[in-house]
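Trainee: model this:
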Amino acid sequence: MAHLNKTFSLFDFCKKRASKVQIFGEETLDEEGNVIPFIDQAALVTHFLKLKDSRINIPYASKAESILNLWFEFIRGERKQHPKDFIGVSDSACAYQAYLFPNLFEAPFPTPNNPKFTFIDLFAGIGGFRMAFQNLGGECVFSSEWDEQARKTYYSNYGEVPFGDITKESTKNKIPNGFDILCAGFPCQAFSLAGKRRGFAETRGTLFFDVADILRRYQPKAFFLENVKGLAIHDKGKTLETILNTLDEVGYVVPDPQILNAMYYGVPQHRERIYIVGFRKDLGVKKEDFVYPERHKDIPCWLDVREKEPVPAKYYLSETYIETLRRHRARHEAAGHGFGYKIIDDKAVANAIVCGGMGRECNLVLDFRQTDLTPTTNIKGEINKEGIRKMTPREWARLQGYPDNFKIVVADASAYKQFGNSVAVPAIQATAEQLLTTLKRKELI
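Mentor: Okay, here's the model as predicted:
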């Protein structure tokens, strides 16, 4: 068996050689005899280490322990024969990881001490739901995200690699029983609506089906779902109707969903999303027991999240690019459309940040603080002298409510995608606080 050196890093796969990292052994075979990819081995081990001292029943404990033993052998270059070989290593998850990966257990957002409730994080992205619920005293006992780049960011900030594809039965089976709240920012998809009930059966083949299936199986006390504003009118309202009927069918009371704008909850971003919360029927919670959070009176502006120091020249647009944007907008204006680039005033609120170029082009800003406009990347033409630049990934992080110690460990292109796909943490947290208040009133947590 080949060996890495003694500074073996769980997140060597955060680097470009990441996909080449793999550890083999009988312990790494799944139920069907296939080798578990390294990133999924990491999900098993990090979840196990996080939860092994809690009261949570870990359904994959034996598999995680066997892989952990194999990793011990891999790093030490010797066979671990007996648990006594771990003498001198504390039983805490932190100490185990620090022993095996001494330079990497530096997660800035660990599970709070003495957590008040438990939750799972589906379609986790970079952990916006997790950030909000941990801030309120919750312990995440399961996370799932299929995108590898997002999983790297998630691990770097929470010390846990999410499990992969939640549509797979092998992933669902790793969810522990008895958690309190399900969180999910699931994608919006059309349903077949082949039947007449417009309920659970009609959601098959969509990612919402997997959310509903987990609710039906595990019956947590409550859930919190987030989606794009357009879900409310998707397929003339039939999609939302099917979702609500399905949630009723699997056993939940659902207050009327609401569209909330993140700009009213602490971030200078015009971002409207639909929020859906629900409570298990047998708990005695009525629809009117839950109230969505009130809007804040004070709204921050773009300058509140702007970088404090001048940003590198690479964020400034070239003259050629700007001219292309101007021609593009002129064509749309001539056709009576409202598309095109936009420059955000210093005291204004940013437009919604989304994936793709338009998310950046609709949020250009003026910044004259950088005096060295020497190109540092391959661009067509010179850097513009009008002070026009795109926002930085850190500024996008702030627009979504992530604190400055949130680690950005991926390239800019991936970072923009991750923050564009994320939930706005303050709006999620304000709503989560109302959900928890409802459960507390009923003495359910």
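Trainee: so what does the longest strand seen in the chain touch, helix or strand wise?
Mentor: Counting residues, the longest strand found in the chain (DSSP state E) is strand 272-280. With contacts taken as 3 or more CB pairs under 8 Å, 6 or more residues apart in numbering; DSSP states H and E, strand 272-280 sits against strand 222-228, helix 238-249, strand 252-253, strand 258-261, helix 425-441. Every C-beta, even on glycine, is put in place using the N, C-alpha and C of the backbone.
Trainee: repeat that for 6 Å
Mentor: Helices and strands touching strand 272-280, by 3 or more CB pairs under 6 Å, 6 or more residues apart in numbering; DSSP states H and E, are strand 222-228, strand 252-253, strand 258-261.
Trainee: just give me how far the first one sits from the chain centre.
Mentor: From the chain centre to the centre of strand 222-228 is a distance of 13 Å (CA atoms, centre = their mean, to the nearest Å).
Trainee: flag every buried residue along it.
Mentor: Ala222, Phe223, Phe224, Leu225, Glu226, Asn227, Val228 (16 or more other CB atoms under 10 Å).
Trainee: that strand pairs with which strands, parallel or anti?
Mentor: strand 181-184 (parallel), strand 272-280 (antiparallel) (DSSP bridges).
Trainee: circling back to that earlier point, CSV please, covering the helices and strands packed on strand 272-280 and showing distance to Leu44.
Mentor: Below are the helices and strands packed on strand 272-280 laid out as CSV (distance: least, CB to CB, whole Å):
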stretch, distance to Leu44
strand 222-228, 25
strand 252-253, 30
strand 258-261, 36
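Trainee: what's the closest of those to His328?
Mentor: Minimum separation from His328 across these (CB to CB) falls at strand 222-228, 24.3 Å.
Trainee: so which of the strands paired with strand 222-228 is nearest Lys172?
Mentor: strand 181-184 (12.1 Å).
Trainee: check which element follows that closest one along the chain.
Mentor: Counting by DSSP states H and E, the element after strand 181-184 in chain order, helix or strand, is helix 207-218.
Trainee: between that following helix and strand 222-228, how big is the angle?
Mentor: 180 degrees (axes from the mean of the first three to the mean of the last three CA atoms, to 10 degrees).
Trainee: helix 207-218 packs against which elements?
Mentor: Short answer (3+ CB pairs under 6 Å, 6+ apart): helix 207-218 packs on no helix or strand.
Trainee: pull it out as CSV, backbone CA atoms only.
Mentor: Presented in CSV, the C-alpha positions along helix 207-218 are these (Å, rounded to 0.1, in the frame of the first residue of the first chain):
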residue,chain,number,x,y,z
LEU,A,207,-35.8,16.2,-5.8
PHE,A,208,-38.7,17.3,-3.7
PHE,A,209,-39.8,13.7,-3.7
ASP,A,210,-36.7,12.8,-1.7
VAL,A,211,-37.4,15.6,0.9
ALA,A,212,-41.0,14.3,1.3
ASP,A,213,-39.8,10.7,1.5
ILE,A,214,-37.4,11.6,4.3
LEU,A,215,-40.1,13.4,6.1
ARG,A,216,-42.4,10.4,5.7
ARG,A,217,-39.8,8.0,7.0
TYR,A,218,-38.2,9.9,9.8
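Trainee: by how many degrees do that helix and helix 238-249 diverge?
Mentor: 10 degrees.
Trainee: can you start the count at 723 instead of 1 from here on
Mentor: That works, and once the first residue is 723, the last one we named lands at helix 929-940.
Trainee: what's the average pLDDT for helix 929-940?
Mentor: Average pLDDT, helix 929-940: 94.
Trainee: try stretch 744-751
Mentor: 83.
Trainee: just the endpoints, please. Distance across it?
Mentor: 12 Å (CA to CA, to the nearest Å).
Trainee: and for stretch 1081-1090?
Mentor: End-to-end for stretch 1081-1090, by CA to CA: 22 Å.
Trainee: could you do stretch 745-758 as well?
Mentor: 9 Å.
Trainee: circling back: just put the strands paired with strand 944-950 in a markdown table and tack on mean neighbour count, distance to Phe760 and mean pLDDT.
Mentor: Rendered in a markdown table, the data for those read as follows (neighbours: other CB atoms under 10 Å; distance: least, CB to CB, whole Å; pLDDT from 0 to 100):
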| stretch | mean neighbour count | distance to Phe760 | mean pLDDT |
| --- | --- | --- | --- |
| strand 903-906 | 26 | 26 | 98 |
| strand 994-1002 | 22 | 34 | 97 |
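Trainee: circling back to that earlier point, off-centre distance for the longest strand of the chain?
Mentor: On CA atoms, centre = their mean, the centre of strand 994-1002 falls 17 Å from that of its chain.
Trainee: cool, and stretch 844-862?
Mentor: 8 Å.
Trainee: what's the span of it, first residue to last?
Mentor: 11 Å.
Trainee: which positions within that stretch qualify as buried?
Mentor: For stretch 844-862, by 16+ other CB under 10 Å, it's 844-858, 860-862.
Trainee: now do the SS call for the residue nearest the centre of the chain.
Mentor: Central residue of the chain (CA atoms, centre = their mean): Gly847, 2.6 Å from the mean position. On the three-state scheme (DSSP: H, G, I helix; E, B strand; the rest coil), Gly847 is labelled coil.
Trainee: list the contacts for Glu1029?
Mentor: When contacts are counted by CB atoms under 6 Å, 6 or more residues apart in numbering, Glu1029 touches Thr1114.
Trainee: that one sits in which helix or strand?
Mentor: Using DSSP H and E, no helix or strand contains Glu1029.
Trainee: distance of it from Val933?
Mentor: Distance from Glu1029 to Val933, counting by CB to CB, to the nearest Å: 37 Å.
Trainee: ok, now Phe1012?
Mentor: For Phe1012, the distance to Val933 - CB to CB - is 19 Å.
Trainee: thinking again about what came up before, Lys1069 is nearest to which of the helices and strands packed on strand 994-1002?
Mentor: Of those, nearest to Lys1069 by CB to CB is strand 980-983, at 17.9 Å.
Trainee: which other helices and strands does the closest one contact?
Mentor: Using 3+ CB pairs under 6 Å, 6+ apart: strand 980-983 touches strand 994-1002.
Trainee: ok, then the element right after the strand it packs on?
Mentor: Assignment by DSSP H and E places the next element after strand 994-1002 at helix 1041-1056.
Trainee: quick one: contacts for the closest residue in space to Asp1134 that isn't next to it in sequence?
Mentor: Spatially, and ignoring its direct neighbours in sequence, Asp1134 is nearest to Pro1115 (5.6 Å; CB to CB, 6 or more residues apart in numbering). By CB under 6 Å, 6+ apart, the residues touching Pro1115 are Ile1130, Asp1134, Ala1137.
Trainee: among the residues you listed, which lie within helices?
Mentor: Asp1134, Ala1137 (DSSP state H).
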